[in-house]
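> Sequence first, predicted coordinates after that:
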Amino acid sequence: MPNDPADYTWLDRLSPLPRMVEEARKLLGTKEVPQAGNNKVIMNWAKELGDASVADAYCADSVPWCGLFMAITAKRAGKTPVKDPLWALNWGQFGVPVGQPALGDVLTFIRPEGGHVALYVGEDQKCYHVLGGNQSDQVCFTRIEKLRLKKARRPNYMNQPLTVKPYVLSAKGLISSNEG
């Protein structure tokens, strides 16, 4: 279940935001089409990446697309996506490893059917607040329990923004249990 985007308008006051967060926020609200249809925006992300294997593998928006969302966000932010970006847990090889996640870090999570990948925007005592794709079938903010975290990775920065730091948020909103 997505959290209310209004709870994250505090991001508007931060400058500069990490580029991946900027790019991801531009895609907020993008939703997959239920049943047989496909959202052309999501389908075009696979083509925009310019990787024939991704374009061939991604044939419908019903296919898990959190990795595709992360790849298009990374590319538009000037970062190189990981090899085989559709596999969420492959994002555990992106950038550099970090102990304490911070704004704009790429987090990979374990879920019953495999993995999930999203961007860190903050945390409360129990959960990470993340911005990601294919969360309730859309690009949105949600909370994911910290115990599900597999890896936290920071994009390679030439000049890391001062806003790349942890943010403590209120434990507001539902906790996602199975993205997709």
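Good, I have the coordinates. Numbers count the residues shown, from 1 in each chain.

> which residues of this structure fall in strands?
96-97, 106-111, 114-123, 127-135, 138-145, 149-154, 175-176 (DSSP state E).

> Can you lay out those strands as TSV showing mean neighbour count?
In short, each C-beta sits where N, CA and C put it, glycine included. Below are the strands of the chain laid out as TSV (neighbours: other C-beta atoms under 10 Å):
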stretch	mean neighbour count
strand 96-97	10
strand 106-111	22
strand 114-123	25
strand 127-135	26
strand 138-145	22
strand 149-154	18
strand 175-176	20
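
> Check these for me: which has the lowest mean pLDDT.
When the strands of the chain are compared by mean pLDDT, strand 175-176 comes last with a mean of 93.

> Excluding its own residues, what touches that one? List them.
Residues from elsewhere that reach strand 175-176, judged by C-beta atoms under 8 Å, 6 or more residues apart in numbering: 1, 126-127, 135-136, 142-145.

> Next: stretch 65-76.
20, 23-24, 27, 32, 42, 45-46, 48-49, 54, 58, 80-82, 85-88, 90-91, 94, 106, 116-119, 132-135, 139, 155, 179-180.

> How about stretch 38-52?
The list of residues contacting stretch 38-52 from outside it, by C-beta under 8 Å, 6+ apart, reads 30-33, 54-55, 57-58, 60-62, 65, 68-69, 71-72, 75, 81, 85.

> Going by neighbour count, which residues in it are buried?
In terms of neighbour count (16 or more other C-beta atoms under 10 Å), stretch 38-52 has its buried residues at 39, 42-43, 45-46, 49, 51.
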